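> Need a 3D model of the following:
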Amino acid sequence: MNDQPDKLFAARLADMTALCERDGTAQFSAFLDERQCVEAEEWCRRNTGDLRYMLYGGYGDARRKMLAVYPEYCHDYITEEFPMKCLTFTYRSEDKLTHRDFLGSFMAQQIKREVIGDIVVGEGIAQTFVTEVAARLIGSSVSKIGRVGVKLADDRPFELSSAQKFQDICGTVASLRLDCTVGLAAHVSREKAAMLIRSDKVDVNHFTVSSVSYELKEGDILSVRGCGRFVLSGIDGTTKKGRIHISLRKYI
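Take a look at the predicted model:
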């Protein structure tokens, strides 16, 4: 598993750090996906020296976040400085809209994914964090999501519960090797699981793993292409025959 950021991404992080050191002002990235957040945190831990850094997506459980690199004196108010806005869309509760509906409408306006953070959808309401520039563009161009008319406000605080729903999966595996656990998670044979892994269709903690014998630990996040995302939530002892009881939680 490669846990090093690619050279272009690392160069962008280095540029942010150099500007912060030169100008003494906080520097902010675009929105990063979960893998980039892991890469950015590891890079910053090794390379920012006396500067501080923070990943923030607008609320505590955000998946997509901006990175800030900043001097010590900014720390007490840095979250207020992130160049993002919370947009709130309201619509009739009988109109069922999804994350995909919102993202598709934004993409149709030629808005890049990197300027959009999390999109959280409830009944008759959705909220998303976007860059300040994207907020102006969306405000002037988006009045419908799909065929559904929406009202937009940019002055409401984030208020939707982002609690992720899970389906629990329990079973036994011969070992904590990746192929065994993917087999249980995806309801496929160990041989089919191995094919998925060797075809680079399985990520562990947001990085592709191609070794079937990779050893998992409690808390690891698995992504299996075409099957979904899972958390290895429990390792619960062994059977008399030596098989291991594990619990998985599937994101739904």
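> any chance you could map the helices in the stretch 101-250 of the chain?
Along the stretch 101-250 of the chain, counting by DSSP state H, counting those that start in this stretch, helices occupy 132-141, 178-186, 190-198.
> mind checking which of those is nearest residue 65?
helix 132-141 (15.4 Å; CB to CB). C-beta: built from backbone N, CA, C; applies to glycine.
> so which of the helices of the stretch 101-250 of the chain comes closest to residue 217?
The nearest among the helices of the stretch 101-250 of the chain, by CB to CB, is helix 178-186 at 10.7 Å.
> Just the C-alpha atoms of the longest helix along the chain, please, in CSV.
Longest helix of the chain, by residue count under DSSP state H: helix 7-23. Provided in CSV are the C-alpha atoms of helix 7-23 (Å, rounded to 0.1, in the frame of the first residue of the first chain):
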residue,chain,number,x,y,z
LYS,A,7,4.4,14.4,-6.7
LEU,A,8,2.0,17.1,-8.0
PHE,A,9,-0.1,17.0,-4.8
ALA,A,10,3.0,17.2,-2.7
ALA,A,11,4.2,20.1,-4.7
ARG,A,12,0.9,22.0,-4.0
LEU,A,13,1.3,21.3,-0.3
ALA,A,14,4.9,22.6,-0.4
ASP,A,15,3.7,25.8,-2.2
MET,A,16,1.1,26.4,0.5
THR,A,17,3.8,26.0,3.2
ALA,A,18,6.3,28.3,1.4
LEU,A,19,3.7,31.0,0.9
CYS,A,20,2.7,30.8,4.6
GLU,A,21,6.3,31.1,5.7
ARG,A,22,7.0,34.0,3.3
ASP,A,23,3.9,36.1,3.9
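> Any buried residues in that helix, and which?
9, 12, 13, 16, 17, 20 (16 or more other CB atoms under 10 Å).
> In contact with residue 55: list those residues for me.
Residues near residue 55 by CB atoms under 8 Å, 6 or more residues apart in numbering: 32, 37, 40, 41, 65, 66, 67, 68.
> what helix or strand is it on?
According to DSSP states H and E, residue 55 maps onto strand 52-56.
> what is the orientation angle of the next helix or strand after that strand with strand 52-56?
Next helix or strand after strand 52-56 toward the C-terminus (DSSP H and E): strand 65-70. If you take axes from the mean of the first three to the mean of the last three CA atoms, to 10 degrees, strand 65-70 sits at 160 degrees to strand 52-56.
> Need the contact partners of strand 65-70.
Counting by CB under 8 Å, 6+ apart, 13, 16-17, 20, 25-32, 37, 40, 44, 48, 51-57, 78, 81-84, 117 sit against strand 65-70.
> Now list the buried members of those residues.
13, 16-17, 20, 26-32, 37, 40, 44, 48, 51-57, 78, 82, 84, 117.
> circling back: okay, now the sheet partners of the strand holding residue 55, with direction.
strand 65-70 (antiparallel) (DSSP bridges).
> Tell me the helix or strand right after the strand it pairs with.
Assignment by DSSP H and E places the next element after strand 65-70 at helix 78-81.
> got the buried residues for the helix or strand just after that following helix?
Going down the chain from helix 78-81, the next helix or strand is strand 84-90, by DSSP H and E. Of all the residues in strand 84-90, those buried under the rule 16+ other CB under 10 Å are 84, 85, 86, 87, 88, 89.
> Nice, that's everything, thank you.
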